[in-house]
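Chemist: this one's structure only:
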């Protein structure tokens, strides 16, 4: 596969996903396959959003 000139493939990811709310999936919705994190991770995500609102 060829890539356009001047474009580089990143060696490091732009974002860190290990701390995302969906990183520790407790279960999935059966039809949509939407991941549901455990309640502790949801609370951490909620606190982060509330502290970083503009």
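Modeler: Arrived safely, thanks for sending. Worth saying up front: this structure is predicted, and the values here are computed from it rather than measured. Residues are numbered from 1 along each chain as shown.
Chemist: now for the helix or strand of the chain with the lowest mean pLDDT, which elements pack on it?
Modeler: Across the helices and strands of the chain, mean pLDDT, DSSP states H and E gives its lowest value to strand 35-37, namely a mean of 83. The elements that strand 35-37 packs onto, with contact taken as 3 or more Cβ pairs under 8 Å, 6 or more residues apart in numbering; DSSP states H and E, are strand 25-28. Placement of C-beta: from N, CA and C, glycine included.
Chemist: in its sheet, what does the strand it packs on sit against?
Modeler: Strand pairing for strand 25-28, using DSSP bridges, gives strand 35-37 (antiparallel).
Chemist: okay, buried residues for the strand it pairs with please.
Modeler: residue 37 (16 or more other Cβ atoms under 10 Å).
Chemist: got any ranges where the chain has weak pLDDT?
Modeler: For the chain, the stretches flagged by pLDDT under 70 are 1-8, 10, 13-23, 54.
Chemist: now the helices for it?
Modeler: 39-51 (DSSP state H).
Chemist: number of nearby residues for residue 41?
Modeler: Using other Cβ atoms under 10 Å, residue 41 has 18 neighbouring residues.
Chemist: ok, now residue 53?
Modeler: Residues lying near residue 53 (other Cβ under 10 Å) number 6.
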